[in-house]
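Participant: The following comprises the amino acid sequence and a computationally predicted model.
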Amino acid sequence: MKKTTLKDIAKALNVSVSTVSKALHDIPEISEETRILIQNYAKEKNYRPNYNALSLKNRRTKSIGVIIPNMLNYFYMQVLQGIEKEAAKNGYRIMTCISNESYQKEVEIIDMLSTGSIDGFLLAISEETEQNGEFSHFEDTMKFGFPIVMFDRVSEHVECDKIIIDDLNAAAEAVSFLVKQGCKRIAFVSPLQNLSIGRLRFEGYKKGLIENDLTFDDNLVINTSEPDYKQYEKMIRPLFKHKIDGIISTNESSAISAMKLAKENGYKLPEDLAVISFANGLLARNSNPRLTCVSQHGEIMGAAATKKLIEKLEQREEASSFSTEIIETDIVLRESTR
């Protein structure tokens, strides 16, 4: 039997989720008639909020819900490390869940944790959510009193606090970095076409070409939404039908695949071909040659997101203003570039 949620009650009675919440908590901002109607319906449907972890005095758990899109991305492990350290420093616990790039899974996680397990959310939105353009589950959650801070993957359609890097200009700077090394035929490789971060990095690549008086060549672009890293070599192979001397990749795995294919095609790295990638994880540090990266400073991003959320929680009042904080990137030099 499906558990009745606040959203179910709100939909059935044609009222807002916040009105349902106020009625169930006897907050005197709504009419007596509405309050009784909602309470009776909730009782009829056997609605039971989960307050087992809450303080009786202020209904706070000192727990934060964290939702990441996937567990294979080392960058998110770095973010989690920053989140955990900052949360522990302030006496908070974290509950980490993985959406597996699924919109439905993301909705289910938020519904589950919003029953009283946590005080607020830190999250990077799933690929399917971005594709669907459906963000009402975030908006409803905030209306119910759970603040959200988005990191890395964010949506301009949701009014909340956000912690990001400047993906566009970071990519443009990567182009300039390769140009200074003598590169003139710079390719762009990305399996993140469906994500806002992928689109911004592609725009940054094109901006970098313009700023350095280089001509855009569609033959030098591999821009797809391939989720399976095992398919990256097949995806990238056509690139080597053309003359290239530099590659910018939006993630480590595709950069590693590109370097392997380069060697198979007779390129010497970095003498003939320089490669730079976003993120700065284990793959980059252990590849051959080791990979030069645009470091997104995941741990710093996680700590900043946690600090922002805790500030909102400690205010104990509904926040009406939101901010976007940009984490500075830098290029970590290794042997894949000269």
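Facilitator: Ah, there it is. Residues are numbered from 1 along each chain as shown.

Participant: Residue 251 and residue 276 touch, don't they?
Facilitator: No - using CB atoms under 8 Å, residue 251 makes no contact with residue 276, being 11.8 Å away. All C-beta spots, glycine's among them, are computed from the backbone N, C-alpha and C.

Participant: Show me where the chain has its strands.
Facilitator: According to DSSP state E, the chain carries its strands in the segments 63-68, 93-98, 120-123, 148-151, 161-164, 186-190, 221-223, 246-249, 274-278, 292-295, 324-326, 330-332.

Participant: Compare residue 251 and residue 276 and say which is more crowded by neighbours.
Facilitator: Neighbours per residue (other CB atoms under 10 Å) separate residue 251 from residue 276, with residue 276 holding more: 29 against 23.

Participant: How about that one: what's its closest non-neighbour residue?
Facilitator: Leaving aside its chain neighbours, residue 276 sits nearest to residue 292 (4.8 Å; criterion: CB to CB, 6 or more residues apart in numbering).

Participant: Pull the number of nearby residues for residue 31.
Facilitator: 10.

Participant: Can you add mean pLDDT and distance to residue 240 and give the strands of the chain back as a markdown table?
Facilitator: Shown next, in a markdown table, are the strands of the chain (pLDDT from 0 to 100; distance: least, CB to CB, whole Å):
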| stretch | mean pLDDT | distance to residue 240 |
| --- | --- | --- |
| strand 63-68 | 97 | 33 |
| strand 93-98 | 97 | 35 |
| strand 120-123 | 97 | 38 |
| strand 148-151 | 98 | 35 |
| strand 161-164 | 98 | 33 |
| strand 186-190 | 98 | 9 |
| strand 221-223 | 98 | 11 |
| strand 246-249 | 98 | 10 |
| strand 274-278 | 98 | 13 |
| strand 292-295 | 97 | 20 |
| strand 324-326 | 97 | 35 |
| strand 330-332 | 97 | 25 |
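
Participant: will you turn the ones you listed into a markdown table that also has distance to residue 174?
Facilitator: Shown next, in a markdown table, are the strands of the chain (distance: least, CB to CB, whole Å):
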| stretch | distance to residue 174 |
| --- | --- |
| strand 63-68 | 25 |
| strand 93-98 | 29 |
| strand 120-123 | 27 |
| strand 148-151 | 21 |
| strand 161-164 | 17 |
| strand 186-190 | 9 |
| strand 221-223 | 15 |
| strand 246-249 | 5 |
| strand 274-278 | 5 |
| strand 292-295 | 6 |
| strand 324-326 | 17 |
| strand 330-332 | 7 |
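
Participant: and of those strands, who's closest to residue 108?
Facilitator: In terms of CB to CB, the element of these nearest to residue 108 is strand 93-98, at 9.2 Å.

Participant: Now find how far off-centre the closest one is within its chain.
Facilitator: With CA atoms, centre = their mean, to the nearest Å as the basis, strand 93-98 stands 15 Å off its chain's centre.

Participant: which other helices and strands contact it?
Facilitator: In this structure, strand 93-98 packs against strand 63-68, helix 74-89, helix 103-113, with contacts taken as 3 or more CB pairs under 8 Å, 6 or more residues apart in numbering; DSSP states H and E.

Participant: Quick one: list the elements packing against the second one.
Facilitator: Spelled out, it's helix 74-89. By 3+ CB pairs under 8 Å, 6+ apart, helix 74-89 packs against strand 63-68, strand 93-98, helix 298-315.
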